[in-house]
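# Please find the sequence and the predicted model below.
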Amino acid sequence: MPLTPDSQLDLLFPAELISDDVRSQLHPDLHMRPLASTDYKRGHLNVLSVLTIVSDPGEPAWVAQFNAIRALPKTYYTIVIIDRATDMIVAVGTVFIERKFLRGLASVGHIEDIAVDKRQQGKKLGLRIIQALTAISEKTGCYKTILNCSNENIPFYEKCGYKTKENEMAKYAPERAVTPNPRL
Ligand SMILES: CC(C)(COP(=O)(O)OP(=O)(O)OC[C@H]1O[C@@H](n2cnc3c(N)ncnc32)[C@H](O)[C@@H]1OP(=O)(O)O)[C@@H](O)C(=O)NCCC(=O)NCCS
């Protein structure tokens, strides 16, 4: 199935926020755009599964999550790279914007969930995703963009212009606590 034009899609955020400069450096067989409400069918979860365990919630739950994320204005920016020939997703990444009270009500961009389809790795798609997300973070006024990664991915992020700073710490919730309380 050939590429579905952006004009026929219900997008997470306006496509103009994606840097023309980054788009122009993509191979002509590929297209970069915001996540769309029908991307469940374009292999979104398959691509994410190169990153970690992904359980499939089914399309209606996926769409409900898309709508919940979109209802938070100017907060979540998920972009995808599409293979024009198949209309399938080959790379994905997100930046979400944290609004702070400090530094004169500053904002920080957090890059999350970067994944490139195994067959497409090593072709600069990860680099283009990071460049586009960083540009969105900066365009929306963030004074810095940060991310967590494994030691083996440090060289990749260094190639993208990022530097190691401080440490990450984590505390996983006990299993019974992972279902969100709808009243909170
Ligand atoms: C890590 C990942 C996003 C990189 O994307 P990619 O498209 O394969 O990487 P790119 O082709 O854009 O790489 C850009 C540069 O980083 C280098 N690079 C990429 N991964 C690297 C690694 N693990 N170690 C060292 N260098 C690496 C590339 O060689 C390239 O260098 P060059 O400009 O000198 O040629 C991708 O391999 C992936 O999805 N991995 C599995 C999921 C994952 O780990 N995601 C990151 C979560 S933090």
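Thanks, I have the structure now.
# Which secondary structure state is assigned to the residue of the chain found nearest the ligand?
Closest contact between the chain and the ligand, by C-beta to the nearest ligand atom, is at Gly126 (2.2 Å). No exception for glycine: its C-beta is placed from N, CA and C like everyone else's. Assigned by DSSP: H, G, I helix; E, B strand; the rest coil, the conformation of Gly126 is helix.
# I'd like to know the predicted local confidence at it, please.
Looking at Gly126, its pLDDT is 98.
# Would you agree it is in contact with Phe156?
Yes: in terms of C-beta atoms under 8 Å, Gly126 counts as a neighbour of Phe156; the distance is 6.3 Å.
# higher neighbour count, those two?
Gly126 (22 against 15; other C-beta atoms under 10 Å).
# May I have the residues that are in contact with the more buried one?
91, 114, 116, 156, 160 (C-beta atoms under 8 Å, 6 or more residues apart in numbering).
# and those, which of them are in strands?
Applying DSSP state E to the contacts of Gly126, the entries found in strands are 91, 114, 116.
# which of the residues you listed has the most neighbours?
Result: Ala91 is most packed of the ones in strands among the contacts of Gly126 (other C-beta under 10 Å), 25 neighbours.
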